[in-house]
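K.L.:
Sharing a model that was predicted from the sequence below.
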Amino acid sequence: LVLEVVSLIGTGVGTGCVDGMTPTVLADAADRHFQSTGKVFVLSNAAVQVGYVLGPILGNAVVQVAGFEAASVAFGVVLLLTTPLLAGSARLPKSEPLLG
């Protein structure tokens, strides 16, 4: 039980960090590449909303077919597979500060 609580707290903190910085990163990238931010934010919001709909449906299907443990392992594997993407994005060229 303690491990589950700690893992949920870690997932929540990580999600809060990513959700908190996503608009800034999207605005910077959209301004640099498209000279506009409207379409990027619309697509980002649509992707998040689709995730809120499909996530519980797919998670419930995995739990019903393979059990809670398999669903937890699948979630962990997805998180580990996305780590290289985040590490690679840290090497992107830095842009000028918007307010500086």
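P.N.:
Received it, and whenever you're ready, just let me know what you need.
K.L.:
where's the longest helix along the chain relative to the chain centroid, distance-wise?
P.N.:
Ranked by number of residues, the top helix in the chain under DSSP state H is helix 2-34. Its chain's C-alpha centre and that of helix 2-34 lie 6 Å apart, by C-alpha atoms, centre = their mean, to the nearest Å.
K.L.:
What helices and strands are in contact with whichever helix or strand comes after it?
P.N.:
Later in the chain than helix 2-34, the nearest helix or strand by DSSP states H and E is helix 38-66. Packed against helix 38-66 by the contact rule (3 or more C-beta pairs under 8 Å, 6 or more residues apart in numbering; DSSP states H and E) you find helix 2-34, helix 68-89. Backbone N, C-alpha and C define where each C-beta goes, glycine included.
K.L.:
how far off helix 68-89 does the longest one point, in degrees?
P.N.:
If you take axes from the mean of the first three to the mean of the last three C-alpha atoms, to 10 degrees, helix 2-34 sits at 40 degrees to helix 68-89.
K.L.:
Give me the buried positions along helix 2-34.
P.N.:
In terms of neighbour count (16 or more other C-beta atoms under 10 Å), helix 2-34 has its buried residues at Asp28, Ala30.
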